[in-house]
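Peer 1: give me a model of this one.
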Amino acid sequence: MVGAGLVPVFVGIKWALLRNGLRQSTGRTAVYVVSIVFTLLFAAGQLLGMVLLRGHAQAGTLAVLLTAVLALGWAVMPLFFPSGDETLDPTRLVMLPLRAGPLVRALLVASLVGIGPLFTLCLAVGAGISVAHGAFAVAVAVVAVPLVLLVCLALARAVAAANIRLLTSRRGRDLALLSGLVVAVGIQFVNFGAQRLGEAGGLSRLGPAAEVVRWVPPASAVGAVDSAGRGAYGAAVVQLLLSAAALAGLLYWWQRSLTTLMTAPDGSTLAAAGTGADRRRSAAGGGRLWPQGRTGAVMRRALTYAWRDPKAKSGWVTALALGVIIPLFNAWQGNGSIYWSCFAAGMLGTLMYNQFGQDTSAFWMVAMTVSSPRDAYVELRARAWALLLVTLPYATLVTVATAVVVGDWRALPEGLGLSYGLLGAMLGMGAWASAFFPYSIPQDSAYKNAAPGQGSLAWISMMGGMFGSAVLCAPLIVAAVWSHASSTGPSGWLLLPLGACWGALLTWAGLRWGASRTARRLPEILAAVSKA
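Peer 2: Residues are numbered from 1 along each chain as shown. Sure, this is the predicted structure:
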């Protein structure tokens, strides 16, 4: 098959994949149509906004930076959404008698089919129109706009081909699960940046960054249009050549990656463990760091799950990241206080919820070792201790950092006391919710945290536990308000031991209550967590 004949074949394959995917269910078709409508409306809004920006002093700055952000999105998309496009996986084609060169050209043309390329084209057209002034600039824009689109597509394909062994492994699934964290963190940065840009002269602050980015492909293509409109013809030619060279380099990298995939053996299954003696020494050394008996074994198992299980790792990383981003970002923007540090304790405390659901059907091994409320109490207590090894110092660090940024050292003891009290309440309520409202966590889905039919259990467990934790912390809140409203109230330093003791008491009570319930309902809990 000649190279030119591959293009219509692969374009037809791409259309067939889209069409057959929509035929799987009416719900999927409806979701896809709605997503297309919203994407087109957003793209039209972006295009109109860029056109209306034409003639503004900062139009070039915004157009260049938006193009760079768009290219960055295309670069990271395959890493976090590897299953979003089946044609991103070149290993499906390794058994076919195809050369890498014609395959690259055919896949690049097929990549133009989809809503993502259409959105990119709309933004690139808007960026070109906003900075094109004069006949020469319009001529440069005619070349720059498709060049931006092709560089973005080639970048996504090259990254996917170079990392396909990773993306199809367990670590690749971890990256997919962490996509929610990236979105959450990105929203905070966008919110922070939007507030800064909304101030007087906000766009002018982006000028130095734009001066650098306009020489980085594919933003350099839009920068070439801007340079041509301002009469800098030499700079325009150089910037356009930079984007063309980047496209050629990406195509070459993509072709080399495809050649390696088609000819090199897959060594991903080779054993990477050390010798038996090394493993025995590691196990012996690790065993001295943990308590003896059931407690140490459960703690090690819980922390191993947190490190190796994709769903558990996603929950941990999300809680740790948002727990520090929300308080510090509010403090940097001048809207923060020491009380925002309690957000870290609240986020980390949610990790105690649905402890048995994290085991899925393997909970039967835990159930076989529980013969009394005492055994259940030791099991839950060890899981709480494993959480405290990380959450307690982390909540302390976030509270101290918030006090530093806010500049209110006198409120530090009060903030620590409230954080410790809330963390203890969340751990106690989490142990209670784990016993009363267990549910199964699907392991084959990156975005479902409860099995079908158990979504209400997940909401009841989380919302009820969070509301209950707030109620249980009411004495500490009353004491804090009293200390500020009355000169005879307890001082902030007294709230620190009060919060720590109150949190420890709530954790102990929740563990006791949850343990008695767990010991009585082992078969029911096993059935609930085994539905996925």
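Peer 1: which stretches of the stretch 201-350 of the chain form helices?
Peer 2: Here the stretch 201-350 of the chain has its helices, by DSSP state H, counting those that start in this stretch, at 207-213, 219-229, 233-263, 276-287, 294-308, 310-332, 342-349.
Peer 1: please identify the buried residues of the third one?
Peer 2: Read it as helix 233-263. For helix 233-263, the neighbour count (16 or more other Cβ atoms under 10 Å) marks 235-236, 239-240, 242-244, 246-247, 250-251, 253-255, 257-259, 261-262 as buried. From N, CA and C alone the C-beta is placed, and that goes for glycine too.
Peer 1: so which of the helices of the stretch 201-350 of the chain comes closest to Tyr439?
Peer 2: helix 310-332 (12.8 Å; Cβ to Cβ).
Peer 1: what comes up buried for the closest one?
Peer 2: By neighbour count with 16+ other Cβ under 10 Å, helix 310-332 contains the buried residues 310-331.
Peer 1: same thing with stretch 414-432?
Peer 2: Of the residues in stretch 414-432, those buried (16+ other Cβ under 10 Å) are 414-432.
Peer 1: now, the residues you listed that are in helices?
Peer 2: In helices, defined here by DSSP state H, the members of the buried residues of stretch 414-432 are 414-432.
Peer 1: ok, back up a step: in JSON lines: the helices of the stretch 201-350 of the chain, plus distance to Phe42 and mean pLDDT.
Peer 2: Written out in JSON lines, the entries for the helices of the stretch 201-350 of the chain read as follows (distance: least, Cβ to Cβ, whole Å; pLDDT from 0 to 100):
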{"stretch": "helix 207-213", "distance to Phe42": "23", "mean pLDDT": "82"}
{"stretch": "helix 219-229", "distance to Phe42": "19", "mean pLDDT": "91"}
{"stretch": "helix 233-263", "distance to Phe42": "25", "mean pLDDT": "88"}
{"stretch": "helix 276-287", "distance to Phe42": "51", "mean pLDDT": "46"}
{"stretch": "helix 294-308", "distance to Phe42": "37", "mean pLDDT": "86"}
{"stretch": "helix 310-332", "distance to Phe42": "25", "mean pLDDT": "80"}
{"stretch": "helix 342-349", "distance to Phe42": "30", "mean pLDDT": "88"}
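Peer 1: ok, which of those comes nearest Pro393?
Peer 2: Ranking those by proximity to Pro393 (Cβ to Cβ) places helix 342-349 first, at 10.7 Å.
Peer 1: what's the angle from the closest one to helix 310-332?
Peer 2: Note on geometry: by axes from the mean of the first three to the mean of the last three Cα atoms, to 10 degrees, helix 342-349 and helix 310-332 are set 180 degrees apart in direction.
Peer 1: all numbers from here: first residue = 52
Peer 2: Renumbered: residue one is now 52, and that last one reads helix 393-400.
Peer 1: need the contact partners of the following helix or strand past helix 393-400.
Peer 2: Once helix 393-400 ends, the next helix or strand along the chain (criterion: DSSP states H and E) is helix 414-418. Under the criterion Cβ atoms under 8 Å, 6 or more residues apart in numbering, residues 407, 410, 430, 573-574, 576-577, 580-581 lie in contact with helix 414-418.
Peer 1: okay, now the domains of this structure?
Peer 2: 54-225+266-311, 344-580 (automatic domain parsing).
Peer 1: now the shortest one: how far from the chain's centre is it?
Peer 2: Read it as domain 54-225+266-311. 22 Å (Cα atoms, centre = their mean, to the nearest Å).
Peer 1: equivalent analysis for stretch 364-378, please.
Peer 2: Distance of stretch 364-378 from the chain centroid (Cα atoms, centre = their mean) equals 10 Å.
Peer 1: pLDDT below threshold where in the chain?
Peer 2: Judged by pLDDT under 70, the chain has its weakly predicted residues at 52-55, 72-79, 82-83, 129-146, 215-256, 315-340, 494-504, 506-507, 538-543, 583.
Peer 1: show me which helix runs longest in this structure.
Peer 2: Using DSSP H to define each element, the chain has its longest helix at helix 424-457.
Peer 1: list the buried residues of that one.
Peer 2: Burial within helix 424-457, assessed by neighbour count using 16+ other Cβ under 10 Å, is assigned to 424, 426-439, 441-443, 445-447, 449-450, 452-454, 456-457.
Peer 1: settle this for me: Lys364 is touching Ala357, isn't it.
Peer 2: Yes: Lys364 is within contact range of Ala357, at 6.5 Å (criterion: Cβ atoms under 8 Å).
Peer 1: what's stretch 97-110 in contact with?
Peer 2: Stretch 97-110 is touched from outside by 113-114, 117, 173-174, 176-178, 180-182, 254-255, 257-258, with contacts defined as Cβ under 8 Å, 6+ apart.
Peer 1: and stretch 265-272, which residues are buried?
Peer 2: For stretch 265-272, the buried set under the neighbour-count rule, 16+ other Cβ under 10 Å, comprises 265, 267-272.
Peer 1: repeat that for stretch 200-217.
Peer 2: Buried positions in stretch 200-217, judged by neighbour count with 16+ other Cβ under 10 Å: 200-216.
Peer 1: just the ones of these in strands?
Peer 2: For those, not one is inside strands, with DSSP state E as the criterion.
Peer 1: just the ones in helices from those, please.
Peer 2: When helices are assigned by DSSP H, the members of the buried residues of stretch 200-217 inside them are 200-213, 215-216.
Peer 1: closest one to Ile64 out of these, please.
Peer 2: Sorting these by distance to Ile64 puts Arg208 at the head of the list, at 14.9 Å, by Cβ to Cβ.
Peer 1: if I look at the closest one, how far off is Val417?
Peer 2: With distances taken as Cβ to Cβ, to the nearest Å, Arg208 is found 45 Å from Val417.
Peer 1: do Ala521 as well
Peer 2: Separation of Ala521 from Val417 (Cβ to Cβ) stands at 30 Å.
Peer 1: those two: which is more packed in?
Peer 2: Val417 (20 against 15; other Cβ atoms under 10 Å).
Peer 1: what distance do you get for that one to Arg434?
Peer 2: Val417 is 10 Å from Arg434, by Cβ to Cβ.
Peer 1: cool, Leu292 as well?
Peer 2: Counting by Cβ to Cβ, the gap between Leu292 and Arg434 amounts to 60 Å.
Peer 1: show me the residues around the residue nearest to Ala462 when sequence neighbours are not counted that make contact.
Peer 2: The shortest distance from Ala462 to any non-neighbouring residue, by Cβ to Cβ, 6 or more residues apart in numbering, is to Ile389 (4.1 Å). Remark: with contacts taken as Cβ under 8 Å, 6+ apart, Ile389 is in contact with 450, 453-454, 457, 459, 462-463, 465-466.
Peer 1: those residues into JSON lines, with extra columns for distance to Val164?
Peer 2: Listed next are these as JSON lines, based on distance: Cβ to Cβ, whole Å:
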{"residue": "Thr450", "distance to Val164": "51"}
{"residue": "Thr453", "distance to Val164": "49"}
{"residue": "Ala454", "distance to Val164": "54"}
{"residue": "Val457", "distance to Val164": "52"}
{"residue": "Asp459", "distance to Val164": "56"}
{"residue": "Ala462", "distance to Val164": "57"}
{"residue": "Leu463", "distance to Val164": "57"}
{"residue": "Glu465", "distance to Val164": "59"}
{"residue": "Gly466", "distance to Val164": "54"}
